[in-house]
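Student: The sequence and its predicted three-dimensional model are supplied below.
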Amino acid sequence: MDGATGSSQTFRTPSRILIPKLVGSRDGWKFKANERKKKLKAARIRIRDLEISRDGWKQKTGDTDMRVVELECQLAQAQQESATLRDENQQLRDEVKKSSRC
């Protein structure tokens, strides 16, 4: 039992010494609590900002990935067209050589 059962406690330490110590203790934990609140608030703000930044970068990389795929398709199409034109060009050269021999 901790003395809360109704029996009155008497402190041996005089009030002039006890009260400043209790006030100092209270002030100490209040200061610590306020510091923790400040750190927690700063951490929450930082987390919020980092999440926004991360989402922005994810969006940018997603857009870039789609652009890369699009450009790869265009490149493949251009290479195919280039190969087709090269073949046509070679056929025309062969025809010109044949017709110039005759």
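Tutor: Cool, the structure landed.
Student: which ones are touching residue 53?
Tutor: For residue 53, the contact set (C-beta atoms under 8 Å, 6 or more residues apart in numbering) is empty. For the C-beta atoms, the positions are set from N, CA and C on the backbone; glycine is no exception.
Student: which SSE is it in?
Tutor: helix 15-101 (DSSP states H and E).
Student: centre of the chain versus that helix, how much separation?
Tutor: In terms of C-alpha atoms, centre = their mean, to the nearest Å, the centre of helix 15-101 is found 8 Å from the chain centre.
Student: pLDDT on it, on average?
Tutor: For helix 15-101, the mean per-residue pLDDT is 95.
Student: Give me the pLDDT for residue 3.
Tutor: Reported pLDDT for residue 3: 51.
Student: How about the one 4 residues further on?
Tutor: Each residue has a pLDDT score; the one for residue 7 is 60.
Student: same thing with residue 11?
Tutor: So residue 11 comes in at 69 (pLDDT).
Student: Need the residue closest to the centroid of this protein.
Tutor: Centroid-nearest residue in the chain, with C-alpha atoms, centre = their mean: residue 54, separated by 2.6 Å.
Student: quick one: it from residue 38, how far?
Tutor: 24 Å (C-beta to C-beta, to the nearest Å).
Student: cool, residue 24 as well?
Tutor: Taking C-beta to C-beta, one finds residue 24 at 21 Å from residue 38.
Student: do residue 82 as well
Tutor: 64 Å.
Student: same thing with residue 18?
Tutor: Going from residue 18 to residue 38 by C-beta to C-beta gives 31 Å.
Student: for residue 63, same thing?
Tutor: 38 Å.
Student: same thing with residue 93?
Tutor: 80 Å.
Student: and stretch 91-102, how far from the chain's centre?
Tutor: 65 Å.
Student: Good, wrapping up.
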